[in-house]
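just need the structure, nothing else, for what follows:
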Amino acid sequence: MFRPKYPEAPTPSIVHVPTAVPTAQHPHAPACSCQHAPAPAPARPAGVLSGLNAGTVGAVVTVGIVLTALLAAVAVTAVSVAVAAVVMRSLLASQRRR
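Got it, this is the predicted structure:
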């Protein structure tokens with residue numbers, strides 16, 4: 001009841017493959033014997049972003065994430081130290097009044 005039912009596999013048919021090998025084509029002689037200069041390379045835009053690739057962008061993003069996490073950790077630590085200082089000051093002030 002809970003067993004899967006697999007479809008019947010079709011029987012493979014035999015396909016005849018021709019054994020004839022095509023003859024090698026000989027290169028044609030050029031139409032003219034003049035020497036043509038190669039086409040000039042396309043001009044690359046001169047800008048700051050022209051030398052960046054995926055690895056560079058990934059490294060910059062990773063460094064940005066790490067620095068942001070470190071900044072958040074410093075901020076949380078500063079807030080917790082400030083709260084602890086206020087609590088300690090309050091406790092010391094209440095002991096002096098007694």
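
hey, let's count contacts and neighbours off CA atoms from now on
OK.

list the residues that contact residue 58.
With contact taken as CA atoms under 8 Å, 6 or more residues apart in numbering, residue 58 is in contact with no other residue.

the same query, at a cut-off of 10 Å, please.
Neighbouring residues of residue 58 by CA atoms under 10 Å, 6 or more residues apart in numbering: residue 64.

residue 78 now?
If you count contacts by CA under 10 Å, 6+ apart, residue 78 has them with 72, 84.

quick check: mean pLDDT across the strand or helix carrying it?
Secondary structure assigned from DSSP states H and E places residue 78 in helix 54-97. Regarding helix 54-97, the rounded mean pLDDT is 93.

tell me how far residue 40 lies from residue 33.
Distance from residue 40 to residue 33, counting by CA to CA, to the nearest Å: 21 Å.

and what of residue 6?
On the measure of CA to CA, residue 6 and residue 33 end up 67 Å apart.

then residue 92?
Taking CA to CA, one finds residue 92 at 100 Å from residue 33.

compare the two (neighbour count), which wins?
In terms of neighbours (other CA atoms under 10 Å), residue 92 is the more surrounded of residue 92 and residue 33; the figures are 11 against 7.

which ones are touching the more buried one?
residue 86.

what about it, distance to residue 82?
For residue 92 relative to residue 82 (CA to CA), the value is 15 Å.

now do residue 62
31 Å.

residue 74 too?
12 Å.

for residue 8, same thing?
73 Å.

likewise for residue 13?
In this structure, residue 13 and residue 82 are separated by 81 Å, where distance is defined by CA to CA.

ok, these two, which is more surrounded?
Using other CA under 10 Å as the criterion, residue 13 and residue 82 rank with residue 82 on top: 12 against 6.

and the more buried one, how far from residue 63?
Separation of residue 82 from residue 63 (CA to CA): 29 Å.

residue 92 now?
Here residue 92 is placed at a distance of 43 Å from residue 63 (CA to CA).

please apply the same query to residue 2.
Using CA to CA, one obtains 53 Å as the distance from residue 2 to residue 63.

pick out whichever of these two has more residues nearby.
When residue 2 and residue 63 are compared for neighbours, residue 63 comes out ahead with 12 against 4, by other CA under 10 Å.
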